[in-house]
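>>> Turn this into a model:
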Amino acid sequence: MSAWIVSKKHIDVLVAAVDTHGEWNLSRTALGRLLWNENLESLKYRYPNDSDGTRPGPNNFRDDDVNTYKYRTPGAELTTPVVALKLAHSYDYQSCEHPEWTNSAARRIVRSLIDTLKTGVSEESAEYEEAPWSI
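Numbering: from 1, shown residues only. Presented below is the predicted three-dimensional model:
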């Protein structure tokens, strides 16, 4: 599977999940920008010949979208623990391609969220399997 830029809505779900299940001393918008930027850095490293506007991911995505990100509350159907866990796993996979990932704040945030959500969700359940990998 290839790596891609996750969607804004994907980031919104992760931010909502961190806000509900974790702690981080950033505004929701700042947290979303931090997470999305880390995903972008991963793609820049993984696909060095791609450029702004040509990276795998949402149509019409531009690199500067990460800097203009503003949090918007996602729909309730996307903020369940099982959906948040699956999307956190996906984000982790999409964002781990560059060497700085290991020591990044984004990794610490997402791995902490994953650890928290795993206590109440079985990754082998049908509900987890049916949850979206991307939105």
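>>> How about Trp101: what's its closest non-neighbour residue?
Spatial nearest neighbour of Trp101, excluding adjacent residues (C-beta to C-beta, 6 or more residues apart in numbering): Arg107 at 5.5 Å. Yep, even glycine has a C-beta here, placed from its N, CA and C like the rest.
>>> check contacts around that neighbour.
By C-beta atoms under 8 Å, 6 or more residues apart in numbering, Arg107 lies in contact with Glu38, Asp92, Ser95, Cys96, Trp101.
>>> can you pull the contacts of Arg62?
Asp52, Gly53.
>>> Can you classify it by secondary structure?
Under DSSP: H, G, I helix; E, B strand; the rest coil, Arg62 falls in the coil class.
>>> what does stretch 6-22 rub up against?
So stretch 6-22 is contacted by 24, 28, 31-32, 35-36, 39, 57-58, 65, 69, 71-74, 78-79, 81, 83-84, 87-88, 90-91, 94, 109-110, 112-113, 116-117, 134-135 (C-beta under 8 Å, 6+ apart).
>>> PyMOL command for the buried members of the residues you listed?
Filtering those down to the buried ones (16 or more other C-beta atoms under 10 Å) takes a single PyMOL command:
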select buried, resi 24+28+31+32+35+36+39+57+58+65+69+71+74+78+79+81+83+84+87+88+90+91+94+109+110+112+113+116+117+135
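>>> list the contacts for the residue nearest to the spatial centre of the chain?
With distances taken as C-alpha atoms, centre = their mean, Tyr91 lies nearest the centre of the chain, 3.8 Å away. By C-beta under 8 Å, 6+ apart, the residues touching Tyr91 are Val6, His10, Leu14, Leu35, Asn39, Val110.
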